[in-house]
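In: I would like to see how this sequence folds:
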Amino acid sequence: MALAIYIGYYLVAITALFFHFTGHLERWGMEWVILVLAATVFPVVLYV
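Out: Below you'll find the model as predicted:
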């Protein structure tokens with residue numbers, strides 16, 4: 001189960017980075033997604 005959460009988290013992170021670098025997040029007003037992922041990356045890596 002932990003592996004599925006880990007893989008899911010990183011799929012969301014990769015997708016968010018793709019949309020960030022293509023400019024879609026800024027256009028949609030969702031740049032906060034990158035900040036949320038940056039703040040949660042360490043707990044996910046340490047505890048999952």
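
In: every contact and neighbour count from this point should use C-alpha atoms.
Out: Fine.

In: which residue is nearest the middle of the chain?
Out: Among the residues of the chain, the smallest C-alpha distance to the mean C-alpha position (CA atoms, centre = their mean) belongs to residue 13, namely 2.7 Å.

In: packing partners of the helix or strand where residue 38 lies?
Out: Residue 38 belongs to helix 32-47 when assigned by DSSP states H and E. If you count contacts as 3 or more CA pairs under 8 Å, 6 or more residues apart in numbering; DSSP states H and E, helix 32-47 packs onto helix 2-22.

In: next, the angle from the helix it packs on to helix 32-47.
Out: Helix 2-22 and helix 32-47 meet at an angle of 150 degrees, taking axes from the mean of the first three to the mean of the last three CA atoms, to 10 degrees as the criterion.

In: so what touches helix 2-22?
Out: For helix 2-22, the surrounding residues in contact (CA atoms under 8 Å, 6 or more residues apart in numbering) are 25-26, 31, 33-34, 37, 44-45, 48.

In: what's the neighbour count on residue 16?
Out: When counting by other CA atoms under 10 Å, one arrives at 19 neighbours for residue 16.

In: for it, give me the pLDDT.
Out: You'll see residue 16 listed with a pLDDT of 96.

In: check the gap between it and residue 9 for me.
Out: Look at residue 16 and residue 9: by CA to CA, to the nearest Å, they are 11 Å apart.

In: before we move on, back to that, show me what counts as buried in the helix holding residue 38.
Out: Neighbour counts using 16 or more other CA atoms under 10 Å place 34, 37 of helix 32-47 among the buried residues.

In: average pLDDT for that helix, rounded please.
Out: 88.

In: for it, the distance to its chain's centre please.
Out: 7 Å (CA atoms, centre = their mean, to the nearest Å).

In: so which elements touch the helix or strand where residue 25 lies?
Out: Assignment of secondary structure by DSSP H and E places residue 25 within helix 24-28. Under the contact criterion of 3+ CA pairs under 8 Å, 6+ apart, the helices and strands touching helix 24-28 comprise helix 2-22.

In: contacting residues around stretch 40-48?
Out: Here stretch 40-48 makes contact (CA under 8 Å, 6+ apart) with 2-3, 5-6.

In: chain center to that stretch: distance?
Out: 12 Å.
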